[in-house]
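>>> only geometry, no sequence info:
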Ligand code: AMP
């Protein structure tokens, strides 16, 4: 299956993408994680992305599209993938469609919808593990020990772009483009809107239910 998870920042894309990818044996590809790794490793790509990310802006398409298409073309994506954070623009969606010609199209786009008032609270309480990528939340899913990862004991960090002023900028930047992308995939008959309210495990169940009705044209189910 070749899937896209769509939603505003804080809608739960990262958590849900991990869960769905595991259940369906798909490669989870997060462009945000790829950029953060590149920034941490201080690569050429990281240096190009850093300023945009810390301002809550989108990294330009010419950087992002090349990075994502190169990742999707690697052998470990051959059995199917779950994209998280890509596409963010119509140009990115069109570039992906073009690149998938001959290989098989996107099977479904799952749009996790959460009221915007809830997103702000969710994002500013989020902590991530730099060691294994686990995601925690002060209210909904705290780690057992404060600021320490349950899986690998690394010290948890708060993403720079989860600061309140940057969160507001990220929501502003993404609102219009997310709706435009939803319309783009709705027109292609691929969009499923999923209620993102409530417990993460409830949202996972809703996503799995939506996927149960999706005809698979690519990779392994
Ligand atoms: P995320 O973890 O998906 O919220 O992404 C964190 C940041 O990485 C975003 O605020 C952007 O600066 C950058 N980014 C991630 N994915 C994309 C994308 N598809 N297009 C442009 N910028 C992106």
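Arrived safely, thanks for sending. Predicted model, so just to flag it, every value in this text is computed and none were measured.

>>> list the contacts of the closest residue to the ligand within the chain.
Closest contact between the chain and the ligand, by C-beta to the nearest ligand atom, is at residue 32 (2.1 Å). Yep, even glycine has a C-beta here, placed from its N, CA and C like the rest. Residues in contact with residue 32 (C-beta atoms under 8 Å, 6 or more residues apart in numbering) are 14, 84-85.

>>> other SSEs contacting the helix or strand of the chain with the lowest mean pLDDT?
Lowest by mean pLDDT, DSSP states H and E among the helices and strands of the chain is helix 116-124, with a mean of 84. In terms of contact count using 3 or more C-beta pairs under 8 Å, 6 or more residues apart in numbering; DSSP states H and E, helix 116-124 is assigned the packing partners helix 164-187.

>>> and the helix or strand that the helix it packs on is followed by with helix 164-187, angle?
With elements assigned by DSSP states H and E, the helix or strand that comes after helix 164-187 is strand 191-195. Angle between the axes of strand 191-195 and helix 164-187 is 140 degrees (criterion: axes from the mean of the first three to the mean of the last three C-alpha atoms, to 10 degrees).

>>> in strand 191-195, what's buried?
By 16 or more other C-beta atoms under 10 Å, the buried positions in strand 191-195 come out as 191-192, 194.

>>> tell me how many other residues crowd residue 49.
Residues within reach of residue 49, counting by other C-beta atoms under 10 Å, total 24.

>>> my guess is it meets residue 63, correct?
Yes. Assessed by C-beta atoms under 8 Å, residue 49 is found in contact with residue 63 at 6.6 Å.

>>> just the closest of the buried residues of strand 191-195 to residue 20, please.
Among the buried residues of strand 191-195, residue 194 lies closest to residue 20 (C-beta to C-beta), at 10.8 Å.

>>> need the contact list for the closest one.
Residues in contact with residue 194 (C-beta under 8 Å, 6+ apart) are 110-113, 203, 206-207, 210.

>>> still on that earlier bit, near the ligand, anything from the least confident helix or strand of the chain?
No. Applying C-beta under 6 Å from any ligand atom, one finds helix 116-124 separated from the ligand by no less than 9.0 Å.

>>> contact partners of that helix?
Outside helix 116-124, the residues within contact range by C-beta under 8 Å, 6+ apart are 8-12, 114, 137, 139-140, 162-164, 167-168, 170-171, 175, 197.

>>> tally of neighbours for the closest residue to residue 178 other than its chain neighbours?
Nearest residue to residue 178, sequence neighbours excluded (C-beta to C-beta, 6 or more residues apart in numbering): residue 8, at 5.7 Å. When neighbours are counted by other C-beta under 10 Å, residue 8 registers 22.

>>> likewise for residue 90?
Per other C-beta under 10 Å, the neighbour tally for residue 90 reads 14.

>>> thinking it is in contact with residue 180, fair?
Yes. Residue 90 lies in contact with residue 180 (C-beta under 8 Å); the separation is 5.9 Å.
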